[in-house]
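In: just the structure for this:
(one chain, ligands or ions: 1)
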Amino acid sequence: MNIEIGTRVWIRDSVHGWVAGAVAESSRNSRGEQVVDVESKDGKTQLTINNNAEDNLPLRSVSEGQDTLDDLTQLHILNEPNLLHSIRTRFEHKLIYTYSGIVLVALNPYADTSIYSNQHIHDYASADPPGEPHIYSVARAAHDGVSNAKRNQTIIVSGESGAGKTVSARHIMRYFAVAGKTKDNNSITSTEERILATNPVMEAFGNAKTLRNSNSSRFGRYLQIYFDDNNSIIGAHIRIFLLERSRLVYQPQNERNTHIFYQLCAGIKTDFSLKRELKLGNADEYNYLNQGKCSKLPGVDDASHFVTTRRAMSSLGIDNNTQKQIFKLLAALLHLGNIEINQTSSARQDASISTTDASLLRAAELLGVSAAAFQKGLMQKTIGVGRIRAESEKIVTSLNRDQANIARDSLARLIYTRLFDWLVIKLNSTLLSKESGASDRARQFVGVLDIYGFEHFQKNSFEQFCINYANEKLQQEFNNHTFKLSQQEYEREGLKVSYINYPDNHPCIDMIESRVGLLALLDEQCRLPAGSDTGLRTKMDEILRPPYKKALFSGSKSSSLDAGAFTIAHYAHDVTYDVDGFLEKNRDVVPEEHKNLLNESQNPFVKEVCTADLTPTTPPSIVSTPTQPIRTPSQSVRSPPSRMSVNGRTSVDELSSAFNKGHIRSPSAFSPSWPPASPGSPSSPNVPTSRKQPTLGGTFKMSLNNLMATINDTDTHYIRCIKPAGQENASWSFDNQKVLSQLRASGVLETIRISRAGYPSKMMFDKFAEKSRY
Ligand SMILES: Nc1ncnc2c1ncn2[C@@H]1O[C@H](COP(=O)(O)OP(=O)(O)OP(=O)(O)O)[C@@H](O)[C@H]1O
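Out: Residues are numbered from 1 along each chain as shown. As a prediction, the model looks like this:
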């Protein structure tokens, strides 16, 4: 390969990612390799051209209009810097959406753009929709898939925290609510109103202020919107994933608990009777709300949000009385967090709680349990020797203060998770009721998946592992889909491409979920009487290293990390995890005392939420009509229908069945016991998990596979949200490095790699002919 003088190229830059340059000089070294001097705004850079010229010195697109293309696959020279440059140039023109083949890249402007009016929806829903990329064109394509092709659709919205997933999902939901109406009659029917009302409710209970986003979703959600024969919306169904529970009892500096608690404290200030009944004060009086030191946020009116949440709950069939019961449970949690746990002066330093502790009395009253039983339940743990067959085989011991604090927090987390799951079941029963016959009329659905993006922090634990595992599964689905589309396109064009070597992340998924994979090893340790995190780490070295040693699994790369660290080479990034706490979180066992306490409650609502056999609503089982693939807004061809049927079981189902088998645990499949607990503490009884007892990792795997089965039966549309601004979230700000790392992690660049494996450059024939004349 010889690069000529004058060739316009990109060179790597540590600050900007890539900078533009041109080859100024060229020579050969003693090995015969070409050496070039590239001139850029920063001066001259010398580079040796080897076999990786495409990566070292990518060519710059210079043709007119290439830097504002609305579909990046039309780039004459498809490479990372050209793609970045185009996205950036469009963003500077205030164009936040760009197609990259089957993916809509959505940049968060952190500013009002006035492109989401009802008029815009009608325009994109019309017979002659605008060609400009928009989230509404993706929604439109999904709508067409349902109404014309009669196939189920999924819109996968992904991206890092603050990238705009929730806002995008809201826009998609609004599109469906408004698109079916005429321009003159925009009145939304009660069905659509109810679907939109799920947003304030789910966000109040599942979103929180974090450092990265003031309205961060602390769970994943798959919302299925159902259509009847006439293509009218008749209802919806929500599945939830991975609710973050640690936030309930602990918030880092400048972060908050879920919004509902602050809304409740602010909202009942003028409702004296409710305030008296709940005995609640200001949010900053509660340990579970004040740790982040931002219980009041400038510009946020929690009281008015409370009104919105209540109104939304009412329209979803949660009447005032039930709302009051919910608030009582929330208030009980706040009082629970304020119980003062001391230690006795005895040699054993047992935990002690005063019988007159006001918070204990209030929490006990609101939960409908006797204060004495409550006090006892928080200070003791029951352990058994071997398999417990009789009461007499149980040993009750006292906890010390730290252990009692952990027990108290784990009870709070359990109650909140159950409440969240109960709420989802409640909403689902209203969104698509069997009684009204709506579920029988359901024909197709559009699913909107709003899921957390890939995570790699300084310290990564079981939570990050689960999230990244979920992202691996989605990436695999994406790779297969993109690969199939490329093949179909080549076939259509009559091109013979015998083999495309695309990057397949199957080995990584296999390492996690195969019969001797990481999850199996984890479950095995959980079932061993002497199982431990270090035991797991040793097993991983023995079993995972040999087959996967090269790229996928390795011990810690950094000597500063302890022996518990291990690294997985994920498709997006290498992530080093800390094995500490994996067993504990995977077991997620509820202490005997907590089961007893909740079982003895005299409050019917507490019993219903915390101990009853929650029977979840299931979405109608609908199989997509096998038809010819349809086209996306960017003219890509959809994947052929798969033979899998829609799996009606929800994540809630799966854990509920675990519950039915006699284990009181959260029915949310993805609500692991986030916070680390000290070994041997009441929340981490070092008892082996029985074979029948489902583990969180196992349930998570099953739920992910169910989700994948659902998605695989649908035509998929991808929205990759990108947060282009730095930490301060400034409006219309674009940081090259930040965008690049998100493009890499989101799989947008993966499509390029797949394209490169086949025919990377695409040009219309007339353009090609014109260009070739020179
Ligand atoms: N299309 C948009 N136009 C203008 N502002 C936006 C847009 N999308 C997102 N934002 C802004 O960015 C903020 C964060 O967006 P959002 O809550 O949707 O992020 P997210 O990806 O769902 O984050 P998380 O994973 O933390 O839930 C919003 O509150 C809003 O201020």
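In: from now on I want contacts and neighbour counts done on CA atoms only, so please keep to that.
Out: Will do.
In: for the residue in the stretch 601-750 of the chain that the ligand sits nearest to, which residues are in contact?
Out: Using CA to the nearest ligand atom, the closest approach of the stretch 601-750 of the chain to the ligand is made by Cys721 at 6.9 Å. Cys721 makes contact with Val105, Ala106, Leu107, Asn108, Val157, Ser158, Gly159, Glu160, Ala163, Gly164, Lys165 under the criterion CA atoms under 8 Å, 6 or more residues apart in numbering.
In: cutoff 7 Å now
Out: Val105, Ala106, Leu107, Ser158, Gly159, Ala163, Gly164, Lys165 (CA atoms under 7 Å, 6 or more residues apart in numbering).
In: what sits against the fifth one?
Out: Meaning Gly159. Applying CA under 7 Å, 6+ apart, the residues near Gly159 are Lys165, Tyr452, Gly453, Arg720, Cys721, Ile722, Ser746.
In: and of the residues you listed, the nearest to Gln476?
Out: Distance ranking of the contacts of Gly159 against Gln476, using CA to CA, places Ser746 first at 11.8 Å.
In: ok so, going back, host element of the residue of the stretch 601-750 of the chain closest to the ligand?
Out: strand 715-722 (DSSP states H and E).
In: over to Arg90?
Out: Assigned by DSSP H and E, Arg90 belongs to helix 80-92.
In: contacts for that helix next, please.
Out: Outside helix 80-92, the residues touching it (CA under 7 Å, 6+ apart) are Trp10, Trp18, Arg60, Ser61, Asp67, Thr68, Leu69, Leu72, Ile96, Leu749.
In: and the two most separated of the residues you listed?
Out: Trp10 and Ile96 (23.8 Å).
In: so for these two, which sits in the more crowded spot?
Out: Neighbour count, other CA atoms under 10 Å: between Trp10 and Ile96, Trp10 has more, with 24 against 21.
In: now that one: phi and psi?
Out: phi -110, psi 140 (degrees, to the nearest 10).
In: do Ser486 as well
Out: Torsion angles at Ser486 (phi, psi; degrees, to the nearest 10) stand at phi -60, psi -50.
In: contacts only, for it.
Out: For Ser486, the contact set (CA under 7 Å, 6+ apart) is empty.
In: what does the pLDDT read for it?
Out: Model confidence at Ser486, given as pLDDT, is 71.
In: kindly export stretch 422-435 (C-alpha atoms) in CSV.
Out: The C-alpha trace of stretch 422-435 is given here as CSV (Å, rounded to 0.1, in the frame of the first residue of the first chain):
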residue,chain,number,x,y,z
TRP,A,422,-46.6,-5.0,43.7
LEU,A,423,-47.0,-1.6,42.0
VAL,A,424,-45.9,-3.0,38.6
ILE,A,425,-48.4,-5.9,38.9
LYS,A,426,-51.1,-3.4,39.9
LEU,A,427,-50.3,-1.2,36.9
ASN,A,428,-50.3,-4.1,34.6
SER,A,429,-53.7,-5.3,35.7
THR,A,430,-55.1,-1.9,34.8
LEU,A,431,-53.1,-1.4,31.6
LEU,A,432,-54.4,-4.6,29.9
SER,A,433,-57.2,-6.0,31.8
LYS,A,434,-58.4,-9.5,31.1
GLU,A,435,-61.9,-8.7,32.5
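In: so what touches it?
Out: If you take CA under 7 Å, 6+ apart as the criterion, stretch 422-435 is touched by 194-195, 235-238, 316-317, 438-439, 609, 616-617.
In: tell me which entries of the contacts of Cys721 lie within helices.
Out: The members of these that map onto helices under DSSP state H are Lys165.
In: and the contacts of Cys721 near the ligand, which?
Out: Residues of the contacts of Cys721 in contact with the ligand (CA under 6 Å from any ligand atom): Gly159, Ala163, Gly164, Lys165.
In: and those, which two are the farthest apart?
Out: Gly159 and Gly164, at 7.6 Å, using CA to CA across the ones next to the ligand among the contacts of Cys721.
In: what's the nearest residue to Arg545 if we skip its chain neighbours?
Out: The spatial neighbour of Arg545 that comes closest, neighbours along the chain excluded (CA to CA, 6 or more residues apart in numbering), is Phe553 at 6.0 Å.
In: where does the one you found land on pLDDT?
Out: We have a pLDDT of 75 for Phe553.
In: got the contact list for it?
Out: Leu544, Arg545, Thr567, Ile568, Ala569.
In: related to what we said a few turns ago, show me what the residue of the stretch 601-750 of the chain closest to the ligand is bridged to.
Out: Beta bridges link Cys721 to Ala106 when assigned by DSSP bridges.
In: quick check: it vs Asn736, distance?
Out: Distance, Cys721 to Asn736, using CA to CA, to the nearest Å: 15 Å.
In: which parts of this protein sit against the ligand?
Out: 108-112, 159-167, 213, 215-217, 452.
In: which among those residues end up buried?
Out: 108-110, 159-166, 213, 215-217, 452 (16 or more other CA atoms under 10 Å).
In: next, count neighbours for His456.
Out: Residues within reach of His456, counting by other CA under 10 Å, total 18.
In: so it, which state does it fall into?
Out: With DSSP: H, G, I helix; E, B strand; the rest coil as the basis, His456 sits in coil.
In: quick check: beta-bridge partners of the closest residue to it other than its chain neighbours?
Out: Computed as CA to CA, 6+ apart, the closest residue to His456 that is not its neighbour in sequence is Val575, at 6.0 Å. Counting by DSSP bridges, Val575 forms beta bridges with Ile568.
In: do you know the pLDDT at Val575?
Out: Looking at Val575, its pLDDT is 90.
In: any idea how far the ligand is from Val249?
Out: 19 Å (CA to the nearest ligand atom, to the nearest Å).
In: next one: Gln476
Out: 21 Å.
In: ok, Leu104 next?
Out: For Leu104, the distance to the ligand - CA to the nearest ligand atom - is 13 Å.
In: just Ala204 next, same as before
Out: Taking CA to the nearest ligand atom, one finds Ala204 at 12 Å from the ligand.
In: neighbours of that residue, just the number please.
Out: 22.
In: give me every residue that touches it.
Out: For Ala204, the contact set (CA under 7 Å, 6+ apart) comprises Thr258, His259, Ile260, Thr309.
In: next one: Ile49
Out: Glu33, Gln34, Val35.
In: one more pass at 8 Å, please.
Out: By CA under 8 Å, 6+ apart, the neighbours of Ile49 are Glu33, Gln34, Val35, Val36, Asn56, Leu57.
In: just the buried ones from the residues you listed?
Out: Buried among the contacts of Ile49 by 16+ other CA under 10 Å: Gln34, Val35, Val36, Asn56, Leu57.
In: was I right about the last one contacting Ile11?
Out: Yes - Leu57 is within contact range of Ile11, at 5.9 Å (criterion: CA atoms under 8 Å).
In: residue of the stretch 301-450 of the chain nearest the ligand, please.
Out: Closest point on the stretch 301-450 of the chain to the ligand, by CA to the nearest ligand atom, is Asp450, at 7.5 Å.
In: got phi/psi on that residue?
Out: Dihedral angles (degrees, to the nearest 10) for Asp450: phi -110, psi 100.
In: wait, is Arg239 part of a helix?
Out: No - per three-state DSSP, Arg239 lies outside any helix segment and is strand.
In: assign the closest residue in space to it that isn't next to it in sequence to helix, strand or coil.
Out: Nearest residue to Arg239, sequence neighbours excluded (CA to CA, 6+ apart): Tyr222, at 5.1 Å. Here Tyr222 is recorded as strand under three-state DSSP.
In: so what sits opposite Tyr222 in the bridge?
Out: Arg239, Leu449.
In: can you pull the contacts of it?
Out: Ile238, Arg239, Ile240, Gly447, Val448, Leu449, Asp450.
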